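> sequence? don't have it. structure:
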């Protein structure tokens, strides 16, 4: 039986940008578009070119290889022709494969927000779609407030949708803009739209989570016949967020009712990487992943000691709605972690470290990692620090140099002219081959000063670290106020193209940064030796 | 038209206790039971007496006044009589109004987990229910794995449910224990159970959020005829959590499809307090509330500048699926770099600051906010810093004190015994009323030391800030490596229950923290005067 195609439309970069507290830079957008494209989304909506400098810059290039790259914008204004509308011109200039127009489909909003007649609005829809199509773009129309509009005036809402379809829109997207529509209403209204003559294969659904049912509303629309689903990574978006694609995709691909009927175009390998995608995205947003997130949360397959735990150990499959590996997650039975040991062996093997299952040092490593993760270390995001810890526990890592002491100082005062002056300075005392070296540096802040001082004079190792750069520095406060535990993650890279992450944790941000900086330098020196086959010689 | 009664059953204290990372003390349970009882829940399930010392102690007294107080436990074991089963005895000793028995209803689990015959399991259900009823308790049965069991062996799953009902159970609760069932399956299976002879008024639904549809599954069951809904506050619970009652209750009470048909027994005044209930519960769990939570989150009625903001200011109702006040929440039109003039005026008005549309100082404020947001300030998340900036630009804020200079120092070295010692110290020089004061403090890190030193001696203002606490501290690196721009957000609160956010931005994390700390203190002093009507007198 051939399965019907379902199209996943990602609007993380557009509606996701409306999330309070989230602002993407052009670099963020480039990185996220790449993640989405590689994952296998059918459509990636990048933003609203012409509305702000970030989005305009982002659309200077096409940013996807496989996915259809979509620009979002308004239909032309009433009273000007399509060719004279500056907003539409900006949209057509954007380097996109497709254009998604947002159009009012609630007559009330046409009057109040647009201030034009119902007929003028229909004309704007038709002309905008035609302009996009004749410029060689795939056209689609987001029918804003469709469900509320349909309840108020079904004829006009349908007229908007039909106008878009008849003008040549590939997709007519029914939007629950205010997010209050219930699944049974979605099912009923989508069915009526299909009955009115727009085929389901041309209908999309855009749901919001204001009653906690964006996922259910999306699935209800699909059951009624719609074949495009709009949503975002981790459900970010305006107010309560959009439909969470990270939740929807595993349901569509693993639940028989959907998997047997539909092909999402997402490769199975991507599904197994969806937990990582979700965590990487939170990492990029610099926020803690939601532990209870469906499928991908750290608690999604966790069972506390209780009535289920012992039975779960005996027969895991009957206590899990899908296998955790299918979404790249793992089982956690919080009484005794049976799966732990083999996970560790596999993880170490991946790094070229062989260790036997009965090796006592392996137990030491496992308990050390658990202990340190309880303190706030996150080895999942800091592979270089994990490898250093593993090599130190299972074998040895040379002590290339030793930091005897360091001191950081930040001073803020008014200078002679009465303007504020802030100075950051760091002093580092290092011992290499029995010889002491002191370095001092000023920097943009205490961590930067420490970073510069630490890498200023490493004696005979100095030329080895010359090609190393710190490319990212992330700080997360793990709990509470200014005395809280701080986790610092540092990403480094070098001229060979290698990238590695290190972690430091302390109640002192300078100390946490120091740990991560040290791990980064030592990892680099270790890798240099490993590549030269020199570890044994040290 | 009389509405049908729907019964809300809260299992925060029982299934919520299975949440990884959540452990209630007896005091916690007493406080939560009181919150739930006062709110108007029909049933409050308190835990599993006999299973652990906390729950046993909690059931030494009845803990609700209005709500039916429920003890949870297993049906009697096979092979012993009801009167000889120690687990059942513990349950009957507990001071509860009702007993909820958990019973296997999937034949596979009867065999594997209980190790008894299907008939013995039915006998355990019947005898346990009868024992509870003859002890004067309301009896109910959670049919564990009901939906998966029904798919595997519908006859046996139905036999379990019917046995419970016929033995006298007030409620037969259909549990989606593994959380993977889809709403359309719930609807279909609940209908079949009713068709098999158990009336909907005796059926309950217990849904989990493993596919993000616990709310939708609960509503699907109600639409099919079930009349009891089990769930938890803020959706805590095993793995991905239970159905979120904080989301379900407003939907049931405000959406016409439900509100016209059903009476939840929750008073309207409680509904208007549901945002507070949700936040108080998070407070008790010592965790940050989810900003995107439906109905109650701080972002649930927030709109960022963009295509909706200006229309929303004109016609809020048509951009909101329910009025924010109906759930005790509020509308937020967020200040941001894309914000228009009307947003600013509305936002200022809410803070009691009146300014005319043509006032030149308003233009100054808008360009100042844009300029500072381009530098990295995020006023949408820092309302107190925004208000200070606005008041300083549009009028004046007294200079309560002036920080002449500060110095922070972090030193790490080996002490005499060879162990690492890290010390953080801050020195602050302040001028108040022409008089200089110096304070010095050590802290857990440089920011903590600075915080302590800054609030150590504010002269005549010292007693005014005594009740102020910093409750959250967030750091975001805005770009690149260790020389990057850092944004610090600080949340403070005081004994009146007020909470406010302040922001600082700098390439120096200490300096950014200093700005946010200063804003927090000055805001508090300003608010104190405003409340006392003293601003003019300063």
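That came in fine, so what should we check first? Remember, it's a predicted structure, so these values are computed and weren't measured experimentally. Numbering: from 1, shown residues only, chains lettered A, B, ... in the order given.
> and the closest residue to chain B within the stretch 51-200 of chain A, what element?
Closest contact between the stretch 51-200 of chain A and chain B, by C-beta to the nearest C-beta, is at residue A:180 (2.5 Å). Using the backbone N, CA and C atoms, a C-beta is placed for each residue, glycine as well. Under the criterion of DSSP states H and E, residue A:180 resides outside all helices and strands.
> ok, it - contacts?
Contacts for residue A:180 (C-beta atoms under 8 Å, 6 or more residues apart in numbering or on different chains) come out as A:148, A:210, A:211, B:255, B:321, B:322.
> check residue A:285 too.
A:22, A:236.
> pLDDT score for it?
If you check residue A:285, the pLDDT there is 84.
> rewinding a little: pick the one among the contacts of residue A:180 closest to residue B:269.
residue B:322 (16.4 Å; C-beta to C-beta).
> give the contact list for that closest one.
Residue B:322 makes contacts with A:180, B:250, B:254, B:295, as judged by C-beta under 8 Å, 6+ apart.
> ok, residue A:140 touching residue A:171?
Yes. With contact defined as C-beta atoms under 8 Å, residue A:140 and residue A:171 form a contacting pair (3.8 Å).
> mutual contacts of the two, please.
In contact with both residue A:140 and residue A:171: A:100, A:204, using C-beta under 8 Å, 6+ apart.
> quick one, what contacts the nearest residue to residue A:201 once chain neighbours are set aside?
Closest residue to residue A:201 apart from its sequence neighbours, by C-beta to C-beta, 6 or more residues apart in numbering or on different chains: residue A:227 at 5.0 Å. Residue A:227 is in contact with A:4, A:5, A:6, A:7, A:200, A:201, A:202, A:203, A:204, counting by C-beta under 8 Å, 6+ apart.
> now those residues in JSON lines, with neighbour count and pLDDT?
Formatted as JSON lines, the contacts of residue A:227 follow (neighbours: other C-beta atoms under 10 Å in any protein chain shown; pLDDT from 0 to 100):
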{"residue": "A:4", "neighbour count": "12", "pLDDT": "97"}
{"residue": "A:5", "neighbour count": "13", "pLDDT": "97"}
{"residue": "A:6", "neighbour count": "21", "pLDDT": "98"}
{"residue": "A:7", "neighbour count": "19", "pLDDT": "98"}
{"residue": "A:200", "neighbour count": "17", "pLDDT": "98"}
{"residue": "A:201", "neighbour count": "15", "pLDDT": "98"}
{"residue": "A:202", "neighbour count": "21", "pLDDT": "98"}
{"residue": "A:203", "neighbour count": "24", "pLDDT": "98"}
{"residue": "A:204", "neighbour count": "25", "pLDDT": "98"}
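> of those, closest to residue A:263?
The closest of these, once distances to residue A:263 are taken by C-beta to C-beta, is residue A:5, at 5.4 Å.
> burial check on the closest residue to that closest one other than its chain neighbours, number of neighbours?
Sequence neighbours aside, residue A:263 is the residue nearest to residue A:5 in space, at 5.4 Å (criterion: C-beta to C-beta, 6+ apart). By the measure other C-beta atoms under 10 Å in any protein chain shown, the count of residues near residue A:263 is 13.
> that older thread, which of residue A:140 and residue A:171 has more residues huddled nearby?
residue A:140 (27 against 24).
> ok, what's across the strand from that one?
residue A:100, residue A:171 (DSSP bridges).
> so what's the residue nearest to residue A:5 up against?
Contacts of residue A:263 (C-beta under 8 Å, 6+ apart): A:3, A:4, A:5, A:6.
> for it, what are phi and psi?
phi -110, psi 120 (degrees, to the nearest 10).
> quick check, pLDDT for it.
We have a pLDDT of 97 for residue A:263.
> what residues does the stretch 1-150 of chain A have near chain B?
A:18-21, A:23, A:25, A:27, A:51-52, A:74, A:102, A:106, A:108-109, A:112-113, A:145, A:148 (C-beta under 8 Å from any C-beta of the partner chain).
> which of these count as buried?
A:18-21, A:23, A:51-52, A:74, A:102, A:106, A:108-109, A:113, A:145, A:148 (16 or more other C-beta atoms under 10 Å in any protein chain shown).
> could you list the domains of chain A?
A:4-266, A:402-537 (automatic domain parsing).
> can you say which of the ones you listed is packed in most?
Sort the domains of chain A by mean neighbour count, taking mean count of other C-beta atoms under 10 Å in any protein chain shown, and domain A:4-266 sits at the top with a mean of 22.
> distance between that domain and the chain's centre?
Between the centre of domain A:4-266 and the centre of its chain there are 20 Å (C-alpha atoms, centre = their mean, to the nearest Å).
> follow-up on the earlier one: let's have the contacts of residue A:180 in JSON lines, adding secondary structure and distance to residue A:395.
Output for the contacts of residue A:180, formatted as JSON lines (DSSP: H, G, I helix; E, B strand; the rest coil; distance: C-beta to C-beta, whole Å):
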{"residue": "A:148", "secondary structure": "helix", "distance to residue A:395": "65"}
{"residue": "A:210", "secondary structure": "coil", "distance to residue A:395": "55"}
{"residue": "A:211", "secondary structure": "coil", "distance to residue A:395": "56"}
{"residue": "B:255", "secondary structure": "coil", "distance to residue A:395": "63"}
{"residue": "B:321", "secondary structure": "coil", "distance to residue A:395": "60"}
{"residue": "B:322", "secondary structure": "coil", "distance to residue A:395": "62"}
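> wait, which of the residues you listed is closest to residue A:34?
After measuring the contacts of residue A:180 against residue A:34 - C-beta to C-beta - the closest member comes out as residue A:210, at 30.7 Å.
> which residue, other than its chain neighbours, is closest to that closest one?
Per C-beta to C-beta, 6+ apart, closest to residue A:210 is residue A:179, 3.0 Å.
> the bottom helix or strand of chain A by mean pLDDT?
helix A:309-314 (a mean of 61; mean pLDDT, DSSP states H and E).
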